[in-house]
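1. Quick one: sequence and predicted model below, then my questions.
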Amino acid sequence: MSTIEQAYATCEQITRTEAGNFYYGIRLLPPDKRSALCAIYALARRIDDIGDGDDATADKETALAGVRKDLGRLADSSDPVLAAVNDSARRFPVPLGAFEELIDGVQLDLGDVRIADFDELVVYCRHVAGSVGRLCLSIFGSSTTDPRTSLYADQLGIALQQTNILRDIREDLGNGRVYLPQDELDRYGVDLRVDDLGTLEDPAGRLAAYIRYAAGRAGDWYSLGLRLVPHLDRRSAACCRAMAGIYHHLLGRIAGDPVLVYDQRLSLSVAQKARVAVTALAGGGRR
């Protein structure tokens, strides 16, 4: 096995182990796109893990600055993830600047997070998830010349991130992060807090009402983002539909029963994810 093959194998192992939901879609791609998207995921995961780790904030800042420097010297790196990203960027039009946007978003997470309004939330989601959507599009490729495909990929990433935020309200609150827009919480009369058992409190049902509202809006963003699918070849479309479908299914469960996120991190079973992937493979996309 060559050095670059080993680098891609490392990235695929990281993706298989860590990606969870996304790997069900990535595995539907042909080998060249699958390996490239695994490289993209592995570096994005590295950036995310810096933000979510237990190191001091100053150390996280240093680590993120190090990744920024790495992006400017990919060709000289022996790191397997960086080597695979460099090779992928030679084979596909990877917008390396999108990794910079992801780093910007992760830096916003390093302290306590409070979001004033939905416009601010969209900016945050565009950094941490829209950027990933555009990175994925560079690997998928578009079978049309429609310039809006990048917008659709961005919107789909924003939809997925809104789902993550609704799923992780309790966990984020425990880490000093509140991504739900404060003006909307005030409008619904929601005071986010947990009880002695670590469960989100909702004595008047106001949080549940707000989650239903926010989930409905996130669903609209899926409608916007999934306009990307007809512009992709069949296998890329299947990958996109599978990755989005798992999160869209989660969103439906949250909208139907908001209290599911009050005391647990909601997820789909392996069988449910597999069904979404099979359905995605049978779905649409350009030939």
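-> Now that the structure is in, tell me what you want to look at.

2. C-alpha from now on. contacts and neighbour counts both.
-> Fine.

3. Nearest residue to Glu201 in space, please, no chain neighbours.
-> Closest residue in space to Glu201, ignoring its immediate chain neighbours: Val194 at 5.3 Å, by C-alpha to C-alpha, 6 or more residues apart in numbering.

4. where does that neighbour sit relative to Asp168, distance-wise?
-> The spacing between Val194 and Asp168, counted by C-alpha to C-alpha, to the nearest Å, is 13 Å.

5. These two - which one has more neighbours?
-> Set Val194 next to Asp168 and count neighbours by other C-alpha atoms under 10 Å: Asp168 wins out with 20 against 16.

6. Low-confidence stretches in the stretch 51-200 of the chain?
-> Applying pLDDT under 70 to the stretch 51-200 of the chain picks out residues 143-144.

7. For beta bridges, what are the partners of the residue nearest to Glu201?
-> As for beta bridges, Val194 partners with Leu200 under DSSP bridges.

8. so what's it up against?
-> Val194 makes contact with 170, 200-201 under the criterion C-alpha atoms under 8 Å, 6 or more residues apart in numbering.

9. could you dump the residues you listed to TSV with distance to Pro80 and neighbour count?
-> Shown next, in TSV, are those (distance: C-alpha to C-alpha, whole Å; neighbours: other C-alpha atoms under 10 Å):
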residue	distance to Pro80	neighbour count
Arg170	35	24
Leu200	42	22
Glu201	45	20
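
10. Which residue lies nearest the spatial centre of the protein?
-> Ala129 (4.7 Å; C-alpha atoms, centre = their mean).

11. could you list every residue that touches that residue?
-> By C-alpha under 8 Å, 6+ apart, Ala129 lies in contact with 102, 154, 157-158, 160-161.

12. In helices, which of the residues you listed appear?
-> 102, 154, 157-158, 160-161 (DSSP state H).

13. Number of residues surrounding the residue nearest to Leu166 when sequence neighbours are not counted?
-> With sequence-adjacent residues excluded and distances taken as C-alpha to C-alpha, 6+ apart, Leu166 is closest to Ile211, at 7.1 Å. Here the count is done by other C-alpha under 10 Å, and Ile211 has 23 residues near it.

14. What of Asp154?
-> As a burial measure, Asp154 scores 27 neighbours (other C-alpha under 10 Å).

15. how near is it to Leu228?
-> Asp154 sits 10 Å away from Leu228, going by C-alpha to C-alpha.

16. Go ahead and confirm Pro181 touches Tyr124.
-> No. The criterion here is C-alpha atoms under 8 Å, and Pro181 misses it with Tyr124 at 11.5 Å.
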